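>>> Quick check, what structure comes out for this input:
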Amino acid sequence: MAILVDEKTTVLVQGITGREGNARTRFMLDYGTRVVGGTSPGRGGTEVWGVPVFDTASKAIEALGPVGASVTFVPGAQVKQAVVEAIEAGIKFVLVPAERVPLHDSLEMIALARRNHVRLLGPGSLGILSADRAALGWLGGSEEFAREVFKGGTVGVMSRSGGQTSTVVWGVVQAGLGISTAVHVGSEPVLGSTFAELLPFFEKDAATEAVVLFGEIGTVAEEEAAEVVGSGKFTKPLVAYIAGRSLPAGMRFSHASAIIERGRGTAESKVKALESVGAHVVEYPHEIGTTVARLLKGGS
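The predicted structure follows:
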């Protein structure tokens, strides 16, 4: 099994005729994702890699029927319009890869998604990949790399770093395990789906036996994840790594969202919160895979 996306999920690519939309559609198709349509204003009636193109999401849904997910390969300044269009067309899962999205646009998109019970991943998300089932976005990069590195298994992966998502997966696979679903939550200051919101999905997934969380200093995402564990909504082994632990207070790190402040959001507060609910926080990235392997083999 997997979370959020699998081989049955039908996908619409908004911005399919653009450079990224075109290239990533090819990757998703190669990986086996059911890309059933795309949108590009003024390009309706054409095709990209055999996928029909429509002027709008509503016209695509009218022709194709209900679609399970949308990927918006649209620049940050215009992405809100695409997300609104997808939500109004009835799509219930929207992936937003764009970075540098105006903050007020992100807030409006997330609020609209929640009012309409839509799962929004991003902004700034490289995507989500359920091993051997489907990929949305560009996590995995190419079919060859994705199948070589993202081996199927029982470990869920969540990460605040796009690049490190693949590194974490590689470490898990090198430890003799594989993954169920890997998710990059996004790199923007405000996100549609957080660690805390995704953990219950992994809890319900029978194929996921443990989860890895790759966090960073700044924001309270990891503390909120700890609260979910403490409340009993996630009971499986959780292994976490917090990047940027050695930086001084007030220094920005990696993404725009990652800045150390007093109190919550520091490396110390994250580690303390996670360890207090039984999560296994490792000091170095290379310890992630071996720690998960030990836990799944009955170690402590």
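>>> Only C-alpha atoms from now on, for both contacts and neighbour counts.
Noted.
>>> quick one, what contacts Ala240?
For Ala240, the contacting residues are 212-215, 274, 279-282, 288, by Cα atoms under 8 Å, 6 or more residues apart in numbering.
>>> swap that for Val229, please
Residues near Val229 by Cα under 8 Å, 6+ apart: 235, 277.
>>> same check, this time on Ser58
By Cα under 8 Å, 6+ apart, the contact list for Ser58 reads 85-86, 88-89.
>>> now do Gly186
97, 121-126, 160-162.
>>> among those residues, who's most crowded?
Pro123 (30 neighbours; other Cα atoms under 10 Å).
>>> any idea how far the residue lying closest to Ser187 once chain neighbours are set aside is from Ala98?
In this structure, Ser187 finds its nearest non-sequential neighbour in Gly124, 4.9 Å apart by Cα to Cα, 6 or more residues apart in numbering. For Gly124, the distance to Ala98 equals 5 Å [Cα to Cα, to the nearest Å].
>>> Repeat that for Tyr284.
From Tyr284 across to Ala98, the span is 30 Å (Cα to Cα).
>>> Likewise for Asn116?
Distance of Asn116 to Ala98, given as Cα to Cα: 21 Å.
>>> hang on, the earlier thing: between the contacts of Ser58, which sits nearest Ala2?
Relative to Ala2, the closest of these is Ala86; by Cα to Cα it sits at 23.3 Å.
>>> Verify the contact between that closest one and Gly68 for me.
No. Assessed by Cα atoms under 8 Å, Ala86 is found out of contact with Gly68, at 10.6 Å.
>>> For the stretch 101-250 of the chain, just list every one of the helices.
With DSSP state H, counting those that start in this stretch, the ranges of helices along the stretch 101-250 of the chain come out as 103-115, 143-149, 162-174, 195-204, 221-230.
>>> How many residues are close by Glu275?
16.
>>> What is the subsequent helix or strand relative to the strand or helix carrying it?
Applying DSSP states H and E as the criterion places Glu275 in helix 267-276. For helix 267-276, the following helix or strand on the C-terminal side (DSSP H and E) is strand 280-281.
>>> Ile110 and Leu139: what is the separation?
22 Å.
>>> Now Pro102. Nearest residue, chain neighbours left out?
Excluding its sequence neighbours, the residue lying closest to Pro102 (Cα to Cα, 6+ apart) is Ala77, at 6.8 Å.
>>> right, and that neighbour touches His104 too?
No. Ala77 is not in contact with His104 according to Cα under 8 Å; the separation is 11.0 Å.
>>> Can you read off the pLDDT for the residue nearest to Ala206 when sequence neighbours are not counted?
Distances taken as Cα to Cα, 6+ apart place Met1 nearest to Ala206, at 6.8 Å, with adjacent residues excluded. pLDDT, Met1: 79.
>>> measure Met1 to Ala134 for me?
11 Å.
>>> Of those two, which one has the most company?
Ala134 (24 against 15).
>>> Is the more buried one in contact with Leu4, as I believe?
No. Using Cα under 8 Å, Ala134 is not in contact with Leu4; the gap is 10.1 Å.
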